[in-house]
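Peer 1: quick check, what structure comes out for this input:
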Amino acid sequence: MPYLTNIGTRGRIRIENKSGVGSRGYHIFRINNVVVCRWGGVQVKPGRTIVWSGRPQEKKYRHRNDVAAKLFVEKRLKKLQLPHEGYDKLPVGQKIW
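Peer 2: Down below sits the predicted model:
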């Protein structure tokens, strides 16, 4: 499932690291009818590898069926990619380690 990042000063969350540039990561996936959302600070390492800077926070949402969980994921992705949120999808195959 998608990994999203917010690097720089875009979005409503402006947490700065040592270099003065804020970076946030978000990962959303589902297992049957349970949707798992993880978010936290990220660092960009050499070779454009993105890693969590600490242990990410996690929230689980339980739904009645798979269809409801799938709709929840779609709605959450649309919300995160709004201009005031500032998250962008990572290319397919790239992960936050």
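Peer 1: residue boundaries of the strands in this protein?
Peer 2: 3-7, 23-31, 34-45, 49-52, 57-62, 88-89 (DSSP state E).
Peer 1: just the buried positions in the fifth one, please.
Peer 2: Think strand 57-62. Residues residue 61 are the ones in strand 57-62 that count as buried (16 or more other C-beta atoms under 10 Å). Any C-beta I mention is one placed from the backbone N, CA and C, and that applies to glycine too.
Peer 1: before we move on, what about the longest one?
Peer 2: Of the residues in strand 34-45, those with enough neighbours to count as buried (16+ other C-beta under 10 Å) are 35, 37-40, 42-43.
Peer 1: redo the strands of the chain as a markdown table? Include mean pLDDT and distance to residue 97.
Peer 2: A markdown table is the format used below for the strands of the chain (pLDDT from 0 to 100; distance: least, C-beta to C-beta, whole Å):
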| stretch | mean pLDDT | distance to residue 97 |
| --- | --- | --- |
| strand 3-7 | 64 | 10 |
| strand 23-31 | 83 | 10 |
| strand 34-45 | 85 | 9 |
| strand 49-52 | 82 | 5 |
| strand 57-62 | 92 | 16 |
| strand 88-89 | 68 | 17 |
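Peer 1: need the ones you listed in TSV (columns: distance to residue 71).
Peer 2: Below are the strands of the chain laid out as TSV (distance: least, C-beta to C-beta, whole Å):
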stretch	distance to residue 71
strand 3-7	18
strand 23-31	11
strand 34-45	10
strand 49-52	28
strand 57-62	12
strand 88-89	19
